[in-house]
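[1] Return atomic coordinates for the entry below.
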Amino acid sequence: MRVTEQLLQQDLSHIALSINSKTAADVEVALAAESKTIDDFMALVSPAATQYLEEMAAQSQQLTRHRFGNTMNLFVPLYLSNLCANECTYCGFTMSNKIKRTTLTVEETQNEINAIKAMGFDHVLLVTGEHETKVGIRYFEDILRAIRHQISYLMMEVQPLKENDYRKLKDLGLDSVLVYQETYSPQHYAKYHQQGKKQDFLWRLETTERIGRAGIDKIGIGALLGLGDWRVDSVMTALHGQLLQQTYWRSRVSISFPRLRRCEGGAGQQHYAIPDERQLLQLICAHRLFNPQAELSLSTRESARFRDGALSLGVTSMSAASQTQPGGYSEPSEALSQFDIDDNRPVNEVIKSIAAQGLDAVWKDWMPFAY
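    All right, here's what the predicted structure looks like:
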């Protein structure tokens, strides 16, 4: 059975009831289990688990160090375009925002790469809005051909593509694709995605399988915490990651934890309950205990204080010194930002915080791509 079919068979109402019925005894059973089930994960993200956060954090830290060593991978997002043909109530790129739009040329992208390399980064995440006609596969191919040889590990977070397009980009050196389902609830999804191709819930949900069949090295998933019941969406994310690992075992899985943030144009208001920082830490630890092999990533959406507190407890990858508008690294930009960031520290300060916890910042763990 395909990954997508198994996800669609899940009863989200039943998952919510199961989570909220968990007791302290269920949490203790989950913590003691050598190999965690999805039912154990429900216990670990339940309200009943909040009193066990210290024990969860200790186990999570131990598992992370055992699997990933004393390392923290650093990456930086490079926003290529804020053009978007979708209307989404929570995103600054939504097409109804009447603010200047920008798409970087190959030359402008090269300037951004030069600025990023000068900061020390060698892992880059290319990000765009979703506009297939103006920012589509031909644009992506041109960008990859121009910059791929300069980057040791290249990731993309763009609109869902066809399987053959992923194969083309893999041949050009693409290492990883991030595609967040936003929310696994079709009802909530329809509410927040009001126009454009992103309205197609199923097309987006099937994307990770197209990525897996294309043989991409790493598949990034996650839910935007606050669009739906964050606990239910997190259970679905955990199950999604597990199914991907079982089915597309040649690809690694990465999980991110974006919380809703304020963004341009008045969008990004709270649509549902957003986990607080303590709950977010509980969620990170729960994912680590459930899936010791998964890479867990934390962005600059979160505060410096929270990131410093969480970075040794399960996270394996962090962005730093992020700009969320096209052209923001090489020169001051007036282009539209996707959302506000909270950790504005320069990268050298982030490195100091990582080192202070006995971890090594990893800039590069792959050789540059060779044609």
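
[2] How far off centre is the biggest helix by length in the chain?
    For the chain, the helix with the greatest residue count under DSSP state H is helix 230-247. How far helix 230-247 lies from its chain's middle: 13 Å, per Cα atoms, centre = their mean, to the nearest Å.

[3] go on, stretch 185-192?
    19 Å.

[4] And it, what's buried?
    185, 188-189, 192 (16 or more other Cβ atoms under 10 Å). Glycine gets a C-beta too; all of them are placed from N, C-alpha and C.

[5] Now tabulate the residues you listed in JSON lines and tack on secondary structure and distance to Gln159.
    Shown next, in JSON lines, are those (DSSP: H, G, I helix; E, B strand; the rest coil; distance: Cβ to Cβ, whole Å):
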{"residue": "Ser185", "secondary structure": "coil", "distance to Gln159": "21"}
{"residue": "His188", "secondary structure": "helix", "distance to Gln159": "20"}
{"residue": "Tyr189", "secondary structure": "helix", "distance to Gln159": "16"}
{"residue": "Tyr192", "secondary structure": "helix", "distance to Gln159": "16"}
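
[6] With distance to Asn164 and pLDDT added, can I get these in CSV?
    Formatted as CSV, the buried residues of stretch 185-192 follow (distance: Cβ to Cβ, whole Å; pLDDT from 0 to 100):
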residue, distance to Asn164, pLDDT
Ser185, 30, 97
His188, 31, 94
Tyr189, 26, 95
Tyr192, 29, 92
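
[7] ok, of the residues you listed, which one's closest to Gln282?
    Ser185 (20.9 Å; Cβ to Cβ).

[8] and the nearest residue to the closest one once chain neighbours are set aside, how many residues sit next to it?
    In this structure, Ser185 finds its nearest non-sequential neighbour in Gly228, 4.4 Å apart by Cβ to Cβ, 6 or more residues apart in numbering. When neighbours are counted by other Cβ atoms under 10 Å, Gly228 registers 26.

[9] got it, and the one 3 residues further on?
    Other residues lying near Arg231 total 23 when counted by other Cβ under 10 Å.

[10] What separation is there between it and Ala190?
    21 Å (Cβ to Cβ, to the nearest Å).

[11] One more: Thr89?
    On the measure of Cβ to Cβ, Thr89 and Ala190 end up 11 Å apart.

[12] you'd agree Ala146 is up against Asn111?
    No. Ala146 lies out of contact with Asn111 (Cβ atoms under 8 Å); the separation is 11.4 Å.

[13] quick one: Val347 and Met318, what's the gap?
    In terms of Cβ to Cβ, Val347 sits 10 Å off from Met318.

[14] sorry, that was for Glu302
    Distance from Glu302 to Met318, by Cβ to Cβ: 10 Å.

[15] Kindly report the same for Thr64.
    13 Å.

[16] Could you tell me the per-residue confidence at Met367?
    On the pLDDT scale, Met367 is placed at 53.

[17] which ones are touching the residue nearest the centre of the chain?
    Against the mean C-alpha coordinate of the chain, by Cα atoms, centre = their mean, the closest residue is Ser256 at 3.6 Å. The contact partners of Ser256, taken as Cβ atoms under 8 Å, 6 or more residues apart in numbering, are 178, 180, 220-222, 296-299.
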